[in-house]
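*Asks:* sequence unknown, structure follows:
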């Protein structure tokens with residue numbers, strides 16, 4: 001596997017970050033050696049760099065079924081999300097913003113800060129027990145002063161896919177800008193802006209086998225959006241700063257690879273995920289699965305091992321299996337995942353939740369061996385908790 005010289009290490013954390021695809025790494029290496037000119041320079045080296053940037057822009061646009069001039073490169077998904085929120089509000093001079101309660105912090109944090117400053121009125125739209133928003137509730141939440149709705153395409157923790165096309169259609173009828181964070185969706189499910197109907201869409205390079213530090217924001221022509229970064233006027237005056245040509249080239253190549261046969265890859269990923277869940281259910285009675293039963297990413301399994309502390313489980317596996325906890329840890333204080341909490345999951349179950357995510361380089365053998373290692377550690381920890389009188393977590397099955 002690229003980036004994993006330790007043959008006994010099993011990586012089941014693709015939603016956290018992806019290894020750089022070998023074809024992408026090769027393109028980056030070539031760009032770093034030959035395309036070091038400033039894309040804004042008029043001499044030959046600058047023109048070569050500019051051509052590479054524009055080729056990558058066309059590649060990203062083709063992946064999304066957008067026009068090249070609607071793609072603006074950023075330093076990653078967080079910048080793109082923040083720009084969608086802050087730029088929309090600044091362009092309209094404030095107003096009302098609606099976000100789903102399960103958005104990534106890159107959307108929630110700037111929206112909440114604007115609300116704290118009194119610059120907007122903020123509505124956080126609830127979700128059902130599967131993590132989906134209700135378009136009817138969204139319709140009721142919209143107001144005359146609503147300027148932006150942001151609903152992610154696919155959730156990073158539980159994999160639930162949102163009805164974004166319905167959300168965007170509602171927003172279009174009401175004259176509201178619609179943004180979707182598609183960072184977790186690109187390269188896993190088809191993401192086409194003409195079908196989704198959104199005005200703004202976030203892409204994150206390191207979620208689709210490109211390096212960290214690069215992303216893009218799709219901006220539909222005519223969408224009001226103030227610049228987040230002002231300066232010398234790069235990216236058509238929309239995003240200042242000298243372009244990182246090698247990283248932009250990488251994103252272009254990664255998007256070309258992602259635009260391949262997603263149907264076949266989706267089936268392969270879903271088969272690996274389903275096998276992982278079956279092994280967990282057979283090996284750990286009472287296992288709890290989170291997320292929508294059908295409308296979810298093909299690669300993501302969010303499961304709770306009742307009676308097992310997720311952080312303790314991951315710590316015991318840290319040198320053999322990679323996965324992520326379903327609860328966040330900030331400054332040494334563990335708090336339940338805001339996604340699971342919004343879905344109505346109790347704190348004990350949230351604390352026992354682990355997210356597993358497979359990807360392009362995952363093999364069936366890794367799934368089998370990874371599940372065996374996880375189950376052995378989980379059963380050991382559950383036994384310890386029971387002996388210490390802490391094995392009374394609720395056991396439910398979706």
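*Replies:* That came in fine, so what should we check first? This structure is a prediction, so every number in the text was calculated from the model and none was measured.

*Asks:* From here on, just use CA atoms for contacts and neighbour counts.
*Replies:* Will do.

*Asks:* Identify the residues contacting residue 134.
*Replies:* Contact analysis of residue 134 by Cα atoms under 8 Å, 6 or more residues apart in numbering lists 126, 127, 128.

*Asks:* The same query, at a cut-off of 10 Å, please.
*Replies:* Residue 134 is in contact with 100, 125, 126, 127, 128, 162, 163, 166, 167, counting by Cα atoms under 10 Å, 6 or more residues apart in numbering.

*Asks:* Grab the nearest non-local neighbour of the second one.
*Replies:* In other words, residue 125. Nearest residue to residue 125 in three dimensions, chain neighbours excluded: residue 100, at 4.5 Å (Cα to Cα, 6 or more residues apart in numbering).

*Asks:* okay but that neighbour is in contact with residue 148, surely?
*Replies:* No: here residue 100 does not reach residue 148: they are 11.7 Å apart, not a contact under Cα atoms under 10 Å.

*Asks:* taking the contacts of residue 134 one by one, which sit in helices?
*Replies:* For the contacts of residue 134, membership in helices holds for 166, 167, with DSSP state H as the criterion.

*Asks:* Please enumerate the strands of the stretch 101-250 of the chain.
*Replies:* Assigned by DSSP state E, counting those that start in this stretch, the strands in the stretch 101-250 of the chain fall at 120-125, 146-150, 177-181, 200-204, 215-219.

*Asks:* would you turn those strands into CSV with distance to residue 301, mean neighbour count and mean pLDDT?
*Replies:* Formatted as CSV, the strands of the stretch 101-250 of the chain follow (distance: least, Cα to Cα, whole Å; neighbours: other Cα atoms under 10 Å; pLDDT from 0 to 100):
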stretch, distance to residue 301, mean neighbour count, mean pLDDT
strand 120-125, 24, 20, 98
strand 146-150, 24, 26, 98
strand 177-181, 20, 27, 98
strand 200-204, 21, 30, 98
strand 215-219, 25, 26, 98
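
*Asks:* would a markdown table of those with distance to residue 272 be doable?
*Replies:* Converted to a markdown table, the strands of the stretch 101-250 of the chain look like this (distance: least, Cα to Cα, whole Å):
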| stretch | distance to residue 272 |
| --- | --- |
| strand 120-125 | 32 |
| strand 146-150 | 31 |
| strand 177-181 | 25 |
| strand 200-204 | 24 |
| strand 215-219 | 28 |
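
*Asks:* can you tell which of those strands is closest to residue 58?
*Replies:* Evaluated with Cα to Cα, these place strand 215-219 nearest to residue 58, the distance being 12.0 Å.

*Asks:* thinking again about what came up before, which one of the contacts of residue 134 sits closest to residue 139?
*Replies:* For those, the nearest to residue 139 is residue 167 (8.8 Å; Cα to Cα).

*Asks:* Wait, that closest one touches residue 178, no?
*Replies:* Yes: under the criterion of Cα under 10 Å, residue 167 makes contact with residue 178 at 7.8 Å.

*Asks:* any shared contact partners between these two?
*Replies:* What both residue 167 and residue 178 touch, as defined by Cα under 10 Å, 6+ apart, is the set 149, 150, 151, 197, 198.

*Asks:* Next, work out how far apart the first one and residue 123 are.
*Replies:* The one in question is residue 149. According to Cα to Cα, to the nearest Å, residue 149 and residue 123 sit 9 Å apart.

*Asks:* now swap in the fourth one and tell me
*Replies:* Using Cα to Cα, one obtains 22 Å as the distance from residue 197 to residue 123.

*Asks:* Kindly report the same for the last one.
*Replies:* Here residue 198 is placed at a distance of 19 Å from residue 123 (Cα to Cα).

*Asks:* Repeat that for residue 245.
*Replies:* 38 Å.
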